Each structure stands twice: as C-alpha cells, then as structure tokens.
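**Student:** Got a sequence here, can you build the structure:
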Amino acid sequence: MNAYLRNFYILILISLSYSCTEDKAQENQKLRDEVIQIHDEVMPYMGELKSLRKDVIAKSHEIERNQGEEGAKEVESLKLLAKQLDDAFDGMFVWMRQFNQKEDEMSDEELESYLLNQKEMVKVVNEDIKTAIADAKAVLKD
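**Tutor:** Below is the predicted model:
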C-alpha cells in the first residue's frame with residue numbers, strides 16, 4: 001500500500017509541475033501579446049512621423065527666408081523638433097531589430113524577465129512617438 005500511495009503522490013506532483021509550467025507559458029504568452037500590442041498601437045504612425053518632420057523642416061525654411069536672423073530661435077526650435085521626430089522614428093526600428101523572437105531558447109523565468117524588460121522598452125518607444133507627434137501638431141497648428 002505504501003508503494004501505491006508513493007506513486008500516487010509522485011503522479012500528483014508531476015501533474016502539478018506540468019500545470020505550473022503551462023500556467024507560466026500562458027502568462028508569458030499574455031505578456032508577449034501585451035508587448036506586441038504596445039508596438040502595434042503606434043506602428044501605423046511611422047509615416048505620419050516622416051510627414052510631420054517634412055512639414056516642420058518646411059516651416060523652418062519659410063521662417064529663415066522671411067525672418068532671417070530674427071527667426072533664428074524659432075528655426076532652432078523647429079530643427080530640434082525635427083530631430084525629436086527622427087529619434088522617435090528611429091527608436092521604433094532600433095527596438096524592432098533587437099526584439100528576440102527565439103523564445104524557445106529561454107527558460108520560462110528568463111522569458112518572463114526578458115518580456116517585462118521589452119515591455120518597458122516598447123512603452124518608451126510608444127510614448128516617444130505619441131509625444132513627438134503631439135508636439136509637431138501643436139507647432140504646425142500655429
């Protein structure tokens with residue numbers, strides 16, 4: 001009877017272990033989906049970043065032509081805004097290039113840590129894009 005109980009407990013432990021592994025895999029998939037969702041939210045705005053940059057540069061050239069030295073401060077501000085738009089654009093592609101799709105080479109714990117880090121990184125990219133677009137629209141609205 002002891003052998004029967006021992007085998008029963010071993011079977012339960014194996015079942016629980018498998019269940020925990022499956023739960024962790026599901027949690028990691030959910031986390032991965034969140035990372036991709038944050039990326040997908042702003043990826044459609046990449047063309048808008050470039051378009052706004054073009055408009056910002058055109059406005060800076062117009063001010064240079066019409067105001068000369070008097071508009072130098074505003075021109076410098078517009079050039080910084082154009083750089084902000086470029087940096088936001090580049091930030092997306094830098095993040096995408098480093099994002100590791102080889103998740104099967106990681107343990108569940110390594111994968112969770114990696115995805116949490118990626119989530120924070122892509123949040124910064126997301127916010128940079130939204131901020132750059134809002135800043136450009138506010139300046140161009142004037």
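**Student:** does the residue nearest to the spatial centre of the chain count as helix, strand or coil?
**Tutor:** Nearest residue to the geometric centre of the chain (CA atoms, centre = their mean): Val122, 1.9 Å. Using DSSP: H, G, I helix; E, B strand; the rest coil as the criterion, the local structure at Val122 reads helix.
**Student:** if I pick it, what's in contact with it?
**Tutor:** By CB atoms under 8 Å, 6 or more residues apart in numbering, the contact list for Val122 reads Val35, Ile38, His39, Trp95. C-beta here means a position set from N, CA and C on the backbone, and glycine is covered the same way.
**Student:** Closest to Ile63 out of those residues?
**Tutor:** Closest approach to Ile63 among the contacts of Val122 (CB to CB): Trp95, at 33.3 Å.
**Student:** Just the element for that closest one, please.
**Tutor:** Taking DSSP states H and E as the criterion, Trp95 maps to helix 72-98.
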